[in-house]
Every structure is written in structure tokens, then in C-alpha cells.
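K.L.:
Sharing a sequence plus its predicted fold:
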Amino acid sequence: MIEYVQQLVDIMSGDRREAVEEIGRQLGFANNLLHWQLLPEDKLNNLEHLKRDWNIAMVGDGINDAPALASSHLGIAIGTGTQIAQDSADLVLLGDSLESLPKAFLLAQKTINKIKQNLFWAFGYNIIALPIAAGILLPKFGLLLSPPIAALLMALSSITVVVNSLSLKVS
């Protein structure tokens, strides 16, 4: 599972104070983390201030969220929101809730792990097979890979990377 060193969540909304305070109360937020009746530039300024000390993920669904989504380290749009919010975000969640967000983070983490594995296999092949194909073992051991065998090994390396990528699963 993803480990969080420290997390800070603010609610920045264009909605009226009462609505934001009610949502904050339901979610157990401290009042100093609630911001209401914000214009798009207010959200952007708050986000820019937070970006000085934090890596920022911004979640939004409306036109007024688009500048902050684009400016954040990770912009996350809700799929049922406006097209401009989706276009400004790095990640679009399908549906109208945040329930799939932990699964999206898990998928991202597993994808990075697969990329690292694939790089290991690809570089491993190149480090071993290419010098042999170039003749490094020819003078001492008389071993040389013929071009067809080297091409077959390269194809097998590519197949290994593809099969490893296809094994990606999210539980």
C-alpha cells in the first residue's frame, strides 16, 4: 500500500460558507482547512502558496477549478465534471466520486514498478547479449552470436517486456 509521510487536505470551494462548513464538519475537518467563496484566481493563489512547501494534488470538477488543476503537481478531475476541468487535469476519475482514487494511486505505483522491472530486463539483455554479439568472447572462447540468433534474443527480450507489462493487475 502507498505510505504517506504527511498529508494535508484543504477544502477550497466557490460555494457559500455554510455549505463548506457542513461538508467540513461531516468529514471532520478543522475550520482553518476550509476555504469558501473562492474565485478561480483565489484557488490558484492558495495552491501556489501551498506548492512552496508541499507536493500538491488538486481535485476539481468545474470551470473554476481548471487553472488550479493545471498548476498543481497532480491535477485530478472528476469524470462527470466539465470538459475544461478534465482537459486541465493529469488524471480523470470515471464517475462522480473519489472512491476510485486510492485504486488509481495503487495502479500508478504498480505501473512504476513494472517500468522498473522492464528496464532491468531490457538493460540486462543489452549488457549481456550485445557485447557477445559484438565479439567480446570470440578471442578467448571462440563464442560469437550470429546476427539471426542475436535478433531472436532481442525479440525474446521484447516479448519478455510485453508479457511482464501484461501481467499488471490491480487488486
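P.N.:
Perfect, thanks for sending it.
K.L.:
quick one, domains of the chain?
P.N.:
Domain segmentation of the chain under automatic domain parsing yields 11-98, 103-166.
K.L.:
tell me the most buried of those?
P.N.:
Ranked by mean neighbour count under mean count of other Cβ atoms under 10 Å, these are led by domain 11-98, which reaches a mean of 16. Glycine gets a C-beta too; all of them are placed from N, C-alpha and C.
K.L.:
can you give me how far that one is from the chain middle?
P.N.:
Distance of domain 11-98 from the chain centroid (Cα atoms, centre = their mean, to the nearest Å) equals 18 Å.
K.L.:
thinking again about what came up before, mind putting the domains of the chain in a markdown table, mean pLDDT included?
P.N.:
Compiled in a markdown table, those are given as follows (pLDDT from 0 to 100):
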| stretch | mean pLDDT |
| --- | --- |
| domain 11-98 | 93 |
| domain 103-166 | 90 |
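K.L.:
first to last residue in stretch 82-97, what's the distance?
P.N.:
Across stretch 82-97, the straight-line distance between its terminal residues is 14 Å, by Cα to Cα, to the nearest Å.
K.L.:
can you list contacts of it?
P.N.:
Applying Cβ atoms under 8 Å, 6 or more residues apart in numbering, the contact partners of stretch 82-97 are 60-63, 65-67, 69-70, 74-80, 100-101, 104.
K.L.:
So which of the residues you listed belong to helices?
P.N.:
Helix and strand membership here follows DSSP state H; of those, those in helices are Ala66, Pro67, Leu69, Ala70, Leu101, Ala104.
K.L.:
thought the second one was touching Leu39?
P.N.:
By that I understand Pro67. No - using Cβ atoms under 8 Å, Pro67 is not in contact with Leu39; the gap is 10.1 Å.
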